[in-house]
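Peer 1: For reference, the sequence and a predicted model appear below.
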Amino acid sequence: MDAAIAAQWDRVQGQLREEFGDAAFKSWVAPMTVTDVRDGAVTLAVPTRFIRDWVLTHYADRIRALWNGENPAVRTVDVMVVTNMQRPDLTGGGPAAAAVNDPVPGSPRAAAMESGRRTEAAAAGRAGTPASAAAPVPAHGGFMAAAPTGQVDDLSASLDARYTFENFVVGKPNEFAHAAAQRVADSDQVSFNPLFLYGGVGLGKTHLMHAIAHRLRERRPERRVIYMSAEKFMYSFVRALRHQDTISFKEQFRTVDVLMIDDVQFISGKDSTQEEFFHTFNALVDQGRQIVISADKSPNDLEEIGARLRSRMASGLVADIHPTTYELRLGILDAKAEQMGVEVPVKVKEFLAHKITSNARELEGALTRLVAHAQLVGRELSLETAHDVLADLLRAYDRRVTIEEIQKKVAEHFQVRVADMHSARRARAVTRPRQVAMYLSKQLTSRSLPEIGRKFGGRDHTTVMHAVKKVEELIAGDAAFAEDVNLLRRMLES
Ligand SMILES: Nc1ncnc2c1ncn2[C@@H]1O[C@H](COP(=O)(O)OP(=O)(O)OP(=O)(O)O)[C@@H](O)[C@H]1O
């Protein structure tokens, strides 16, 4: 591939990784190779039809826009299925895809490298056929037997030994979810199916799921429990499709007593994985097996998931975990300090519980850092040490400003109405302040682009990206404008 094209693809990939995160990047972007750039069209090769459909619905528009930014001649993106990975080079140049990363072990692309080359036409109806069409689940909900491939990991190897009920601190925000999880772990009847746990990041969903698995293993070792992340479910399914072996994929769930799927928000989009999850789900519920699901939102808010699956997921018990309270944070610090075997002065714990308010994970991280530092350099675990060691973290908390505050300040400054931050008006007098507010929201808060877009009248993340870029350009080229934005930033930070 031509070096310029390789460099463009490299930059497009870098941007996609930033926007969509590492996990999505590894699953969907890394497996792609560029096979052709001609007449304004980029052609990307992927190993299965499933991935092609996913890429087309989720990433193709963004890839096109990014590539167009790199090279204005590019106006379309085609995605084709090529099931060999001899790194196809249809450009007639040297070795193809020099800029494309090596395949992630176990990724669809790595799997695709194992077989000979086939084009989409040759592969149609085979490698990439959606599961629902390739091997429908029988109406009674059972599974068919076949030699296993794409097996899930051994449960014992993947569980975190620290995530037990004993180590889980119960408080108002999580008592309901905790009680529901205990019920599932301690009873032999299926009380509610599924149990759907949801809450923001780092609030203990994974901890509770592992705790259920640990307890079941102690109490009923003969019961078969599968715990897997939704991403792993997707990987295994894609791999099974690739091996034309969806039957074995289903087989591994046939004898399961409890199935736990973590972070189900990653099973999103209209595709065969969702369909497969739905079938697996129904089959297990029909057989009276227990299902536990976790997500970062309630079933109703999982917009990417189809209505049928959403309502199925909401049909059991839905338990949410609320953000931590001061008391719970203090309790978590007590428990973690005890597990670490260190005495932490009450004043220090109170200080941390007061300051680190986001979630249990950050709180635990701060304590670990503080203790490690104090022990390494032989310093006392005091308030002063905490201030020093956690200075960067504490500054970030002190600075935390909300998008609403930013909108208000920016509106005041430019003398527009706060409502114009959300409105559809496109007059320059309001679009510029709106763009500045979006830019500052990106700079001063930890909100993601889609979250920021939602706070600005439900705009798309690409609008926010455009705004950020635009404001950066203006800052670079217009000193008075740069001073204005700087002033606003200082006001918001103070
Ligand atoms: N109530 C609690 N008691 C003790 N530890 C907790 C509690 N809640 C969370 N933790 C700890 O905080 C960390 C983050 O928890 P966990 O990974 O379960 O969060 P999560 O809700 O699954 O987050 P994500 O959405 O990012 O997957 C873990 O180390 C966990 O042990």
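Peer 2: Now that the structure is in, tell me what you want to look at. Residues are numbered from 1 along each chain as shown.

Peer 1: what's next to stretch 15-28, contact-wise?
Peer 2: 13, 29, 51, 54-55, 58-59, 62-63, 66, 104, 107-108, 231, 234-235, 266, 449, 461, 465 (Cβ atoms under 8 Å, 6 or more residues apart in numbering). Where C-beta positions appear, they are placed from N, C-alpha and C, glycine not excepted.

Peer 1: Quick check on these: which are buried?
Peer 2: 13, 29, 51, 54-55, 58-59, 62-63, 66, 107-108, 231, 234-235, 266, 449, 461, 465 (16 or more other Cβ atoms under 10 Å).

Peer 1: Which of the residues you listed fall within helices?
Peer 2: 13, 51, 54-55, 58, 62-63, 66, 108, 231, 234-235, 449, 461, 465 (DSSP state H).

Peer 1: Return the item of these having minimum pLDDT.
Peer 2: Among these, residue 108 carries the lowest pLDDT, at 32.

Peer 1: re the thing from before, with the ones in helices among the buried ones among the contacts of stretch 15-28 in mind, which one is nearest to residue 368?
Peer 2: residue 231 (25.9 Å; Cβ to Cβ).

Peer 1: show me what contacts the nearest residue to that closest one once chain neighbours are set aside?
Peer 2: Nearest non-adjacent residue to residue 231, counting by Cβ to Cβ, 6 or more residues apart in numbering: residue 266, 5.1 Å away. Contact partners of residue 266, counting by Cβ under 8 Å, 6+ apart, are 23, 229-231, 234.

Peer 1: For residue 266, give its distance to residue 296.
Peer 2: Note on residue 266: its distance to residue 296, by Cβ to Cβ, to the nearest Å, is 10 Å.

Peer 1: Correct me if wrong: residue 224 contacts residue 257.
Peer 2: Yes: between residue 224 and residue 257 there is a contact under Cβ atoms under 8 Å: 5.1 Å.

Peer 1: tally of neighbours for whatever residue of the stretch 351-494 of the chain ends up closest to the ligand?
Peer 2: Nearest residue of the stretch 351-494 of the chain to the ligand (Cβ to the nearest ligand atom) works out as residue 360 at 3.2 Å. A count of nearby residues for residue 360, using other Cβ atoms under 10 Å, gives 25.

Peer 1: Surely it and residue 205 touch.
Peer 2: No: the pair residue 360 / residue 205 is not scored as a contact, 10.6 Å apart, by Cβ under 8 Å.

Peer 1: And the pLDDT for the residue lying closest to residue 267 once chain neighbours are set aside?
Peer 2: Spatial nearest neighbour of residue 267, chain neighbours left out: residue 230 (4.6 Å); criterion: Cβ to Cβ, 6+ apart. Residue 230 is assigned 87 on the pLDDT scale.

Peer 1: Relative to residue 206, how far out is residue 230?
Peer 2: Distance from residue 230 to residue 206, by Cβ to Cβ: 12 Å.

Peer 1: shared neighbours, the two?
Peer 2: residue 262.

Peer 1: any idea which of the ones in helices among the buried ones among the contacts of stretch 15-28 is closest to the ligand?
Peer 2: Nearest member of these to the ligand, counting by Cβ to the nearest ligand atom, is residue 231, at 11.2 Å.

Peer 1: how far does the helix or strand in which residue 261 is found sit from the chain's center?
Peer 2: According to DSSP states H and E, residue 261 maps onto strand 258-262. Distance, stretch centre to chain centre, for strand 258-262: 17 Å (Cα atoms, centre = their mean, to the nearest Å).

Peer 1: per-residue confidence averaged over the helix or strand just after it?
Peer 2: On the C-terminal side of strand 258-262, the closest following helix or strand by DSSP H and E is helix 272-286. Average pLDDT, helix 272-286: 84.

Peer 1: Check which helices and strands helix 272-286 is in contact with.
Peer 2: helix 49-58, helix 131-134, helix 230-242, helix 246-254, strand 258-262, strand 290-295, helix 307-313 (3 or more Cβ pairs under 8 Å, 6 or more residues apart in numbering; DSSP states H and E).

Peer 1: possible to save those as JSON lines with distance to the ligand?
Peer 2: Shown next, in JSON lines, are the helices and strands packed on helix 272-286 (distance: least, Cβ to the nearest ligand atom, whole Å):
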{"stretch": "helix 49-58", "distance to the ligand": "21"}
{"stretch": "helix 131-134", "distance to the ligand": "26"}
{"stretch": "helix 230-242", "distance to the ligand": "11"}
{"stretch": "helix 246-254", "distance to the ligand": "22"}
{"stretch": "strand 258-262", "distance to the ligand": "7"}
{"stretch": "strand 290-295", "distance to the ligand": "6"}
{"stretch": "helix 307-313", "distance to the ligand": "16"}
